[in-house]
Every structure is written in C-alpha cells, then in structure tokens.
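J.: predicted model follows, preceded by the sequence.
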Amino acid sequence: MSKKTRVDLHNHTTLCNHATGTVEEYVKRAIELGIDEYGFACHAPMNFDPKYRMKLEERNIYEKWVNEAKEKYKDKIKVLLGYEVDFLNGFMLDEILNANVDYLIGSVHFLQNKNEMWGFDNPEFIGVYKSVDIDKIWEDYFDAIEAMAKTNYFQIVGHLDLIKVFKFLPKKDVRLIAKDSLKQIKKSNMVLELNPAGLRKPINELYPSKQLLEEAFDLGINITFGSDAHSVEHVGFGYSEISSLAKELGYTKCATFYKKEMNLIEF
C-alpha cells in the first residue's frame, strides 16, 4: 500500500500583523502532527491595506525565515515557500507575481462598492451586506475569482467561497453563480484549496461548500489542503473534516507545488 502524504499549504507568519507564533513553532507543530509538506503563504505585500500584510521591505525577512526552517528541518518535513496574494488590479506587485517561490495562492478579499473598495470578510464592513443586493455581491465576488483565474499568475485558489463568511447567503443557486469561475479555474489549471478556517467563523462551514466542491470534482479540478493557520494552535486545524469530505466526493490525490510545478500525491 502506497504511503499517504499529508499536505498543508496555507499558513501565515507574524509579518501579516494579525498572526502569532514563530515560523519554527509552526514547523515543529506540523512535524508533531505528522504533516509531510508544510507551506507558508503569508499575505503578500501590495499597495493597499497595509495594516494586514507585510511590507515589501519585509519580504526578505519572510523568505529568510522560511528558507532557514526548510533547511533546518529538511530531514523531518518538506517546508515550502509561497505567498497569499490579494487579487486587486493596480495594487499587486510584479516582484511578488514573478517571485521565485513554490506557489502563489490567489485570493479575493476586496470588492468594489460604489467608488470604494470594501473588505467583505472584515467585520468593520459588515454593514455593506445590508445595503446592497446580496446576489449582486456574490456575483461580483465570483466575477473577481474568474478574473483572477484568467491572469494565470496563481497556482491555488484561496478559500473559494469566502464571501459566505458572515452567513449572508445568496437567494440564487450558488452553483449557477460560481459556474463560470469554476470553468475558468479548470481552464487555467489552478487547484482549489480545501480550507477549514470557515469552521472558526460565523458560517461554521468549510471553504468551499460541499455543493461547490461537487461541481469542482465533476469538472476535474484538482484540490490541495491549507489550514490557514494564524496561530500555532491552528496548525493542522480541521484536516480530518476536509480530507474526509474530499474522499467522500471521490478525490484520492491532492496537489503540492515546487517552483510552481504541480505534483499530485495520494492523501
């Protein structure tokens, strides 16, 4: 029987200003849990929302931390280097989009409302949900996901249906809303991460929902896993739930990346 591999590619560092714990503490905890491939994908610098991400001049510190851990623990675990990049036209940095890393996670955290951008997963902006048609918000979100996939900059789609975080759900069937974006994800050969962070949020559900994951499976879209850890306690969080759901739907392999090249392995 071939060995199953446990992968966790979405984890943060203190440089994003809203996480705790050292890179070494995260890696040691991952080793304790039997994780085989552990990736850091901290919030990439960009010319927007500086409060919740590293500065461009901190990029070297981040990469140094991760590469030092990669070398120090190479006999016990495979440590990978990535970034979580906010898809936002005009604000993303070429230095990050073209960085020599293992992978980039593309995420959408901001939408346009009138003439302003709003962070829909930030409680500070929760009032916007009540002031705009909910289906329009969801359609705008998945339009942004589709546009992100079209760029071909990213290997992984971060928390596909993050827009559900505060339980403002669409009236329209979510499968219809997400249909074009899923087709584009497949066309761009991106993978979906199964992310359990929603279990820590008001929605109390994995990202993506079972419905959307079924659609992804039918389209032949590959998956990976990421606990979205912002503290040492989050490392490996929800893995049994997300891996069980994936197996229930028929997935047997997950993706990992080296220098942006995909490798499918049994989980």
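T.: Sure thing, it's come through. Numbers count the residues shown, from 1 in each chain.
J.: after the helix or strand containing Gly82, next one along is what?
T.: Using DSSP states H and E, Gly82 sits in strand 78-86. Later in the chain than strand 78-86, the nearest helix or strand by DSSP H and E is helix 94-97.
J.: now do the buried residues in that next one.
T.: Buried residues in helix 94-97, counting neighbours by 16 or more other CB atoms under 10 Å, are found at 96-97. The way it works is simple: take the backbone N, C-alpha and C, and place the C-beta from them, glycine included.
J.: if we can go back for a sec, so which elements touch the strand holding Gly82?
T.: On a contact count with 3 or more CB pairs under 8 Å, 6 or more residues apart in numbering; DSSP states H and E, strand 78-86 meets strand 37-43, helix 59-72, helix 94-97, strand 103-107, strand 253-258.
J.: ok, the closest residue to Lys210 other than its chain neighbours - contacts?
T.: Nearest residue to Lys210, sequence neighbours excluded (CB to CB, 6 or more residues apart in numbering): Leu245, at 6.4 Å. The contact partners of Leu245, by CB atoms under 8 Å, 6 or more residues apart in numbering, come to 194, 206, 210, 213.
J.: who does the strand holding Gly82 pair up with?
T.: Taking DSSP bridges as the criterion, strand 78-86 sits next to strand 37-43 (parallel), strand 103-107 (parallel) in its sheet.
J.: got the ones you listed as a markdown table, with distance to Phe225, mean neighbour count and mean pLDDT columns?
T.: Converted to a markdown table, the strands paired with strand 78-86 look like this (distance: least, CB to CB, whole Å; neighbours: other CB atoms under 10 Å; pLDDT from 0 to 100):
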| stretch | distance to Phe225 | mean neighbour count | mean pLDDT |
| --- | --- | --- | --- |
| strand 37-43 | 10 | 26 | 98 |
| strand 103-107 | 12 | 25 | 98 |
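J.: could you list the low-pLDDT ranges of this protein?
T.: Along the chain, the parts satisfying pLDDT under 70 run over 1-2.
J.: next one: phi and psi at the residue nearest to the spatial centre of it?
T.: By CA atoms, centre = their mean, the chain has its centre lying nearest to Gly158, at 2.6 Å. Gly158 adopts backbone torsions of phi -80, psi 140, taken as degrees, to the nearest 10.
J.: in the sheet, who's paired with the residue nearest to it when sequence neighbours are not counted?
T.: Distances taken as CB to CB, 6+ apart put Ser107 closest to Gly158, at 3.4 Å, once the chain neighbours are dropped. Counting by DSSP bridges, Ser107 is bridged to Asp86.
J.: picking that back up, most neighbours of all the contacts of Leu245, which one?
T.: Tallying neighbours with other CB atoms under 10 Å puts Leu194 at the head of the contacts of Leu245, with 27 neighbours.
J.: cool, thanks, signing off.
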